[in-house]
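*Asks:* Could you look at this predicted model? Sequence included:
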Amino acid sequence: QTVWGEVVGTGVAAVAEPTAEAGGTLTVTCSSAVWAQELDLMAPDLVARLNAALGADRIRALRCQSVPAKSWSRSRA
């Protein structure tokens, strides 16, 4: 998380943030499905840039997800 904004830039950092890391896979939660797909496409470059900023090959893959959609259903009392 400490190098995320510097690697991806302020525009991407405003809509996507790293939320977990396990076994070399960095989970990134995005503000929309469109951003999650965009980061999926950018993943090879982002992984290389993240590892360069970290000084080690710690990240092998990104798992991009979007924030769950709000439910439109309403409970009736």
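*Replies:* That came in fine, so what should we check first? Numbering: from 1, shown residues only.

*Asks:* which residues touch Asp40?
*Replies:* By Cβ atoms under 8 Å, 6 or more residues apart in numbering, the residues touching Asp40 are Leu62, Cys64. (Glycine included, C-beta is placed from N, CA and C.)

*Asks:* Ala56 versus that one, what's the distance?
*Replies:* Noted for Asp40: a distance of 23 Å to Ala56, by Cβ to Cβ, to the nearest Å.

*Asks:* Output the below-cut-off pLDDT ranges for the protein.
*Replies:* 68-77 (pLDDT under 70).

*Asks:* okay, which residue is most central for it?
*Replies:* Central residue of the chain (Cα atoms, centre = their mean): Val28, 2.2 Å from the mean position.

*Asks:* I'd assumed it was in a strand, is it?
*Replies:* Yes - per DSSP: H, G, I helix; E, B strand; the rest coil, Val28 lies within a strand segment.

*Asks:* Touching, it and Ala61? I think so.
*Replies:* No - taking contacts as Cβ atoms under 8 Å, Val28 lies outside contact range of Ala61: 10.6 Å.

*Asks:* for the protein, what spans make up the helices?
*Replies:* Secondary structure of the chain (DSSP state H): helices at 4-8, 10-13, 33-54.

*Asks:* Give the burial count for the closest residue to Trp4 other than its chain neighbours, as a bare number.
*Replies:* Computed as Cβ to Cβ, 6 or more residues apart in numbering, the closest residue to Trp4 that is not its neighbour in sequence is Pro18, at 5.3 Å. Residues lying near Pro18 (other Cβ atoms under 10 Å) number 18.

*Asks:* For Pro18, list the residues it contacts.
*Replies:* Neighbouring residues of Pro18 by Cβ under 8 Å, 6+ apart: Gln1, Trp4, Leu26, Thr27, Val28, Thr29.

*Asks:* hmm, try it at 7 Å
*Replies:* Contacts for Pro18 were tallied using Cβ atoms under 7 Å, 6 or more residues apart in numbering; they are Gln1, Trp4, Leu26, Thr27, Val28.
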